[in-house]
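*Asks:* Based on what follows, work out the 3D shape:
(2 chains)
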Amino acid sequence: MIVLDPRLAPGARRVVPAPRLESLTAKRLGILWNNRLGGDRLLKHVGEVLKQRYGLAEIYFTRKTFIGNAAPAEIIDDLVARTDAVVVGVGD
Amino acid sequence: MAFTSNRIEVADALECIEHFYRENMTDGLPVVPPTEARVQQFLDAVGLAPETIVAEVTERASLISAEKLAINAVMAGCLPQYMPVLVAAVEALADPLFKFNHLASIGSPWPMLVVCGPVVREIGMHHGRYLFGSGNRANATIGRAVSLLLWNCCELRPDAIQRGDLGNAHRYSICIAENPDTAWQGLNEWEGFERSTSTVTVASGYNLCNARTIGSTPQALLNPLVNALSQHEFSPGVFVVTIPPTIEQMLVNEGWSKRRIRDYIFENCRRSVKHLKETARWGRHASVHVPGLKDLVPLEPGDEARWVYLFKRNPELDRYVFHEGGLSRRADVLVVAAGGDAGNMIGFYQPYSQSTTPVTKPIRLSVGTRAGAGTGLRHDATHGDA
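*Replies:* As a prediction, this is how the structure comes out:
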């Protein structure tokens, strides 16, 4: 008996990742917190680890206005203007 | 047959079931083997090519093809004639208003499906006694097909993105129908469609609750519901309420429409500031966080007479109780005429409090549609497993 695989194949995804940086050294790192309680502490720690490990020029920390809504365009535009790479994530 | 899914060879149906368990391709229950012939029957029923894209779930970057939908529908135990309903359901789940990623929440929300219109009778859906219970194939398997599809194609699994603390008993399946003969306007009409247009509504919530009501006047019938809606998370949103035919008849006799019911609920769902403080609902999960909030917020004189309404806005008080997600989304009551004829149980599905809004889509396909003509669905040749 032949049956068909119900899972989505990798080819069925349309993810176009942003161009990768060659190095984080001397780069400006943005951190976008989604307001999840405690996530700010986790993300700031991640930033510090990256700064120590890769020699970041600076860290720019900002937040969404609400966890369940997409970040407003002005926040995205602000990150684009101020940073070279952004860390986005959820943490409790 | 031009399927692109990986082909799996198994000895028989039992081995297929065990294989799907081992590969984590099922929800915990056995599945019907999705043979090529059976999947083809499902596609033929609505004239869709396997590669037709039913919907794109952008939050998961997932293209849902007719082939994958049909495979999961077969597994769930559906009949081919359920495919039009499933296509509309997936379109609704992929709508940006639904905010798909909320399904990963620790709150364990899960979408209920409400089917409305002529299709209810055409495919034999259930809208009567034991409304949410088991026994009707269409109700049970349509809900499960959606569950399996999201399990297998959108990572909605506890070992992937689904991070709910408690999980949700409705995760296996929750799908009901509205009585197509209701004296009220149908849910399809409420949502802007013709009564002759069949629709599917997806509404994300926590759990089914009931409000036991015994009375003879509209106020006596509805106040237990008003009380129940005012409790729990007390977050503005869209509540799905099921009203059984006996109560519907009593309300209709008194001249109460769905809109009048909605307006009554809007006017009366409220909690006092005193109650909100005593139940640790004040200053938490709100636009304004009261600093140092480890204990209850002290009461002040007059708190017992200051009211926060679930649906009527008062910015001065609202900001201590409701967050942006609740205030910025649609607030409504979707009354669904359905339930048992013994008649004193009004049901409601508590909406997920953080985000999401129900989405209603028309069922555009019908069994016997030729090659998906005029459906607006698109084809994509890049989704194959190979």
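
*Asks:* biggest strand in chain B, by residue count?
*Replies:* Secondary structure assigned by DSSP state E gives strand B:199-212 as the longest strand of chain B.

*Asks:* Return the distance of that strand from the chain's centre.
*Replies:* The chain centroid and the centroid of strand B:199-212 are separated by 6 Å, computed with C-alpha atoms, centre = their mean, to the nearest Å.

*Asks:* Spit out the contact partners of B:Gln354.
*Replies:* A:67-68, B:102, B:105, B:107, B:235, B:323, B:325-326 (C-beta atoms under 8 Å, 6 or more residues apart in numbering or on different chains). Every C-beta, even on glycine, is put in place using the N, C-alpha and C of the backbone.

*Asks:* Mind doing that once more with 6 Å?
*Replies:* Residues near B:Gln354 by C-beta atoms under 6 Å, 6 or more residues apart in numbering or on different chains: A:68, B:325.

*Asks:* To which secondary structure element is it assigned?
*Replies:* Using DSSP states H and E, B:Gln354 sits in no helix or strand.

*Asks:* Let me see the ranges of the helices in the chain.
*Replies:* In the absence of a named chain, this looks at chain A. For chain A, applying DSSP state H gives helices covering A:39-54, A:73-82.

*Asks:* My question was about chain B, not that one.
*Replies:* Under the criterion DSSP H, helices of chain B are mapped to B:13-22, B:36-46, B:66-76, B:83-93, B:119-122, B:137-153, B:187-190, B:218-229, B:245-253, B:258-268, B:273-278, B:315-318, B:324-328.

*Asks:* Nearest residue to B:Ala228 in space, please, no chain neighbours.
*Replies:* The spatial neighbour of B:Ala228 that comes closest, neighbours along the chain excluded (C-beta to C-beta, 6 or more residues apart in numbering or on different chains), is B:Ala211 at 4.4 Å.

*Asks:* Ok, B:Glu254 next?
*Replies:* Among residues not flanking B:Glu254 along the chain, B:Pro218 sits closest, at 5.2 Å (C-beta to C-beta, 6+ apart).

*Asks:* Count the residues that sit near the one you found.
*Replies:* A count of nearby residues for B:Pro218, using other C-beta atoms under 10 Å in any protein chain shown, gives 18.

*Asks:* picking up where we left off before, compile the helices of chain B into JSON lines and extend it with columns for mean pLDDT and distance to A:Leu24.
*Replies:* As requested, those are arranged in JSON lines below (pLDDT from 0 to 100; distance: least, C-beta to C-beta, whole Å):
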{"stretch": "helix B:13-22", "mean pLDDT": "98", "distance to A:Leu24": "41"}
{"stretch": "helix B:36-46", "mean pLDDT": "97", "distance to A:Leu24": "47"}
{"stretch": "helix B:66-76", "mean pLDDT": "98", "distance to A:Leu24": "38"}
{"stretch": "helix B:83-93", "mean pLDDT": "98", "distance to A:Leu24": "37"}
{"stretch": "helix B:119-122", "mean pLDDT": "97", "distance to A:Leu24": "55"}
{"stretch": "helix B:137-153", "mean pLDDT": "98", "distance to A:Leu24": "34"}
{"stretch": "helix B:187-190", "mean pLDDT": "98", "distance to A:Leu24": "52"}
{"stretch": "helix B:218-229", "mean pLDDT": "97", "distance to A:Leu24": "50"}
{"stretch": "helix B:245-253", "mean pLDDT": "97", "distance to A:Leu24": "63"}
{"stretch": "helix B:258-268", "mean pLDDT": "98", "distance to A:Leu24": "52"}
{"stretch": "helix B:273-278", "mean pLDDT": "95", "distance to A:Leu24": "46"}
{"stretch": "helix B:315-318", "mean pLDDT": "92", "distance to A:Leu24": "43"}
{"stretch": "helix B:324-328", "mean pLDDT": "85", "distance to A:Leu24": "33"}
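
*Asks:* Deepest-packed of the ones you listed, please.
*Replies:* Per residue and on average, the most neighbours among the helices of chain B fall to helix B:66-76, with a mean of 30 (mean count of other C-beta atoms under 10 Å in any protein chain shown).

*Asks:* which other helices and strands contact that one?
*Replies:* Applying 3 or more C-beta pairs under 6 Å, 6 or more residues apart in numbering or on different chains; DSSP states H and E, one finds that helix B:66-76 contacts helix B:36-46, strand B:52-57, helix B:137-153.

*Asks:* hang on, the earlier thing: just checking, the residue nearest to B:Glu254 touches B:Gly255?
*Replies:* No: in this structure B:Pro218 lies outside contact range of B:Gly255 using C-beta atoms under 6 Å: 8.8 Å.

*Asks:* where does chain B have low pLDDT?
*Replies:* B:1, B:287-292, B:369-386 (pLDDT under 70).

*Asks:* So what's the residue count around whatever residue of it ends up closest to chain A?
*Replies:* Going by C-beta to the nearest C-beta, chain A is nearest to B:Ser355 of chain B, at 2.9 Å. The tally of other residues near B:Ser355 (other C-beta under 10 Å) stands at 25.

*Asks:* ok, now which ones touch the closest residue to it other than its chain neighbours?
*Replies:* Closest residue in space to B:Ser355, ignoring its immediate chain neighbours: A:Gly68 at 2.9 Å, by C-beta to C-beta, 6+ apart. Remark: with contacts taken as C-beta under 6 Å, 6+ apart, A:Gly68 is in contact with B:325, B:354-355.

*Asks:* okay if I get those residues as TSV plus distance to B:Arg281?
*Replies:* Below are the contacts of A:Gly68 laid out as TSV (distance: C-beta to C-beta, whole Å):
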residue	distance to B:Arg281
B:Gly325	16
B:Gln354	15
B:Ser355	19
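
*Asks:* Run a quick neighbour tally on the spatially closest residue to A:Trp33 that is not a sequence neighbour.
*Replies:* Closest residue in space to A:Trp33, ignoring its immediate chain neighbours: A:Arg63 at 4.4 Å, by C-beta to C-beta, 6+ apart. Using other C-beta under 10 Å, A:Arg63 has 17 other residues around it.

*Asks:* Please verify my assumption that A:Arg63 contacts A:Leu32.
*Replies:* No: counting by C-beta under 6 Å, A:Arg63 sits too far from A:Leu32 to count as a contact (7.0 Å).

*Asks:* Point out the residues in chain B that sit beside chain A.
*Replies:* Counting by C-beta under 6 Å from any C-beta of the partner chain, the residues of chain B close to chain A are B:3, B:5-10, B:16, B:25, B:33-35, B:39, B:61-63, B:71-72, B:152-153, B:324-325, B:354-355, B:382-385.

*Asks:* returning to that earlier point: would TSV of the helices and strands packed on helix B:66-76 with distance to B:Ile176 be doable?
*Replies:* TSV is the format used below for those (distance: least, C-beta to C-beta, whole Å):
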stretch	distance to B:Ile176
helix B:36-46	22
strand B:52-57	22
helix B:137-153	6
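
*Asks:* who wins for proximity to B:Arg163 among those?
*Replies:* Among the helices and strands packed on helix B:66-76, helix B:137-153 comes nearest to B:Arg163, with 14.4 Å by C-beta to C-beta.

*Asks:* Residue numbers of chain A in contact with chain B?
*Replies:* Checking chain A against chain B by C-beta under 6 Å from any C-beta, the hits are A:1-9, A:11-15, A:65-66, A:68.

*Asks:* Of these, select the buried ones using a PyMOL command.
*Replies:* Only the buried entries of the residues of chain A next to chain B go into this PyMOL selection, using 16 or more other C-beta atoms under 10 Å in any protein chain shown:
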select buried, chain A and resi 3+4+5+6+7+8+9+12+66+68
